[in-house]
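Peer 1: Here is a sequence with its predicted model. Questions after.
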Amino acid sequence: SPWPCGGGGGGGAPPGNAGERGNKASAGAAAAAAAGAAGGDPFLSADGSVGYLFESAATPRWIFLDNPSARAVIVVREPVARAWSDYRYRAHAYVSHRLSFAKVTLEAAARLAADSCLGPRALQGTLRQAREAEAAAAQARGAGRHAEAGEILSRAMRGGAWPSDRFYLSDCGRVDQDANELVKRSLYAFMVLHWRLALGGPGKVLVLDAQSLDLDQVTTRPNPKATPKADPGNAAAAEEEKEEEKEEELGYRLVEAALARVVDFAQLCPHAFEREHLRAKRNVDRREVKVKQLYRNTEATGAEGGGGQGSGGGIPANLRIGSWAATKLGEFFEPYDRALYELAGLDFQWARQRARAWGRTSSEARIRGFP
């Protein structure tokens, strides 16, 4: 249950409050299972993992059995960018077999789209079953029949008719030499629904776009500490700096709003985050940040450079992502993305992000945050 806030002049946060921010998932998602300790002790325990969401259907069930009060924050990213990042991370496996990003992902998408696999019919069937189960459970819970509500949700997940079983257990979308299943990992709606039912309903899961938690992804303004001020005598530069300041303010507000949702969801006392802590510690000029960098083609440098595992370096040009493959893959993801937006209660506008990245002009690719 929520802790009282603001009492006793204690500054609002419960004493002994301890927590750990969930790890943002380059693998497609991150989940942090959090719960208040038994007996109402005033602290929060949290665990973050990049593998919880995808790797096992049993994970949320184990969490629920361990603590029925557990909640999950699921952080996802635009699916084409996630797939390309994963391809680059494991480039040695794909390049050694001369498998291009387009061949691996589009072949997998074609298989996954089949009605016998995880196509639109399976998606709609999953949504329909989940809505019916959650509505029936809510009705039972409202009447005080909590055990019955749990049984309704559990029963909905049992048996071969529940499509998430097919998601986790079937190899129907598998492509040879693609052990990491680049495309399947980005079908977030199936996994979010599975976690919702396993943990006890929609109120137990919060879904966030990873971009909304990274100031450098919602604003093009560079780090002020790493960028000299514009020459006051240069009117054009001064005007550009004013626009960037406005954009940065919007970026801060977007990140603060996302963090406020997490705090509220975790039933913690409201907290004002220091803005200096909201920007990633990158001592670089981010003036040229563009959406297309999420899908960058060039050999990686810096933390991801070097040409080994995790670098993406050395990928031949004919194997890299391109506008045609990115566009086709984005079209495949659209119905799954829309289902996710419905579950999240928020439109992440990924289709617009893809259009900016692969549009006609590079100026259209600048990240401006969410309108």
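Peer 2: Now that the structure is in, tell me what you want to look at. All values reported here derive from a predicted model rather than from experimental measurement.
Peer 1: what ranges do the strands span in the stretch 251-371 of the chain?
Peer 2: Ranges of strands within the stretch 251-371 of the chain: none, based on DSSP state E, counting those that start in this stretch.
Peer 1: same thing with the stretch 51-200 of the chain?
Peer 2: With DSSP E, counting those that start in this stretch as the definition, the stretch 51-200 of the chain shows strands at residue ranges 71-76.
Peer 1: can you map out the helices along it?
Peer 2: Using DSSP state H, counting those that start in this stretch, the helices of the stretch 51-200 of the chain run over 52-55, 59-66, 79-89, 91-95, 101-112, 120-142, 146-157, 163-169, 188-199.
Peer 1: Dump the ones you listed into CSV; add distance to D214, mean neighbour count and mean pLDDT as well.
Peer 2: Where C-beta positions appear, they are placed from N, C-alpha and C, glycine not excepted. Below are those laid out as CSV (distance: least, CB to CB, whole Å; neighbours: other CB atoms under 10 Å; pLDDT from 0 to 100):
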stretch, distance to D214, mean neighbour count, mean pLDDT
helix 52-55, 19, 22, 88
helix 59-66, 26, 18, 90
helix 79-89, 12, 24, 93
helix 91-95, 23, 19, 89
helix 101-112, 23, 21, 94
helix 120-142, 28, 16, 87
helix 146-157, 33, 17, 83
helix 163-169, 28, 19, 75
helix 188-199, 18, 25, 91
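Peer 1: Report the contact partners of the closest residue to V192 other than its chain neighbours.
Peer 2: Excluding the flanking residues, the one nearest V192 by CB to CB, 6 or more residues apart in numbering is L343, at 5.1 Å. When contacts are counted by CB atoms under 8 Å, 6 or more residues apart in numbering, L343 touches A189, V192, L193, R196, P202, V207.
Peer 1: Determine which two of the residues you listed are furthest apart.
Peer 2: A189 and P202 (13.0 Å; CB to CB).
Peer 1: where does this protein have low pLDDT?
Peer 2: Residue ranges of the chain with pLDDT under 70: 1-42, 158-164, 216-233, 280-313, 359-371.
Peer 1: Run the angle between the longest helix seen in it and strand 71-76 for me.
Peer 2: In the chain, taking DSSP state H as the definition, the longest helix is helix 235-265. If you take axes from the mean of the first three to the mean of the last three CA atoms, to 10 degrees, helix 235-265 sits at 150 degrees to strand 71-76.
Peer 1: switch to numbering from 6
Peer 2: Okay, residue one is now 6; in that scheme the one you just asked about reads as helix 240-270.
Peer 1: returning to what we had before: would you mind giving the helices of the stretch 56-205 of the chain as JSON lines with distance to R325 added?
Peer 2: Below are those laid out as JSON lines (distance: least, CB to CB, whole Å):
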{"stretch": "helix 57-60", "distance to R325": "24"}
{"stretch": "helix 64-71", "distance to R325": "33"}
{"stretch": "helix 84-94", "distance to R325": "9"}
{"stretch": "helix 96-100", "distance to R325": "10"}
{"stretch": "helix 106-117", "distance to R325": "6"}
{"stretch": "helix 125-147", "distance to R325": "29"}
{"stretch": "helix 151-162", "distance to R325": "40"}
{"stretch": "helix 168-174", "distance to R325": "29"}
{"stretch": "helix 193-204", "distance to R325": "24"}
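Peer 1: Which of the ones you listed sits closest to S50?
Peer 2: Closest to S50 of those, according to CB to CB: helix 64-71, at 11.1 Å.
Peer 1: tell me the angle of the closest one relative to helix 151-162?
Peer 2: Using the same axes, to 10 degrees, the inter-axis angle of helix 64-71 relative to helix 151-162 is 160 degrees.
Peer 1: neighbouring contacts of helix 64-71?
Peer 2: If you take CB under 8 Å, 6+ apart as the criterion, helix 64-71 is touched by A38, Y57, A75, A77, H199, W200, A203, L204, G205.
Peer 1: Contacts only, for the last one.
Peer 2: In this structure, G205 makes contact with F69, P73, A142, A154, G155, L158, judged by CB under 8 Å, 6+ apart.
Peer 1: Check the gap between it and D170 for me.
Peer 2: Distance of G205 to D170, given as CB to CB, to the nearest Å: 19 Å.
Peer 1: Next: the fourth one.
Peer 2: Distance, A77 to D170, by CB to CB: 19 Å.
Peer 1: just the second one next, same as before
Peer 2: Between Y57 and D170 the distance is 18 Å, computed by CB to CB.
Peer 1: Run through the neighbouring helices and strands of the longest helix of the chain.
Peer 2: Judged by 3 or more CB pairs under 8 Å, 6 or more residues apart in numbering; DSSP states H and E, the packing partners of helix 240-270 are strand 76-81, strand 210-214, helix 220-223.
Peer 1: Now with 6 Å, please.
Peer 2: With contacts taken as 3 or more CB pairs under 6 Å, 6 or more residues apart in numbering; DSSP states H and E, helix 240-270 sits against helix 220-223.
Peer 1: coming back round to it: could the contacts of G205 go into JSON lines alongside distance to R361?
Peer 2: Formatted as JSON lines, the contacts of G205 follow (distance: CB to CB, whole Å):
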{"residue": "F69", "distance to R361": "39"}
{"residue": "P73", "distance to R361": "43"}
{"residue": "A142", "distance to R361": "40"}
{"residue": "A154", "distance to R361": "43"}
{"residue": "G155", "distance to R361": "44"}
{"residue": "L158", "distance to R361": "39"}
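Peer 1: any idea which of the residues you listed is the one closest to E248?
Peer 2: Nearest to E248, judged by CB to CB, of the contacts of G205 is F69 at 48.2 Å.
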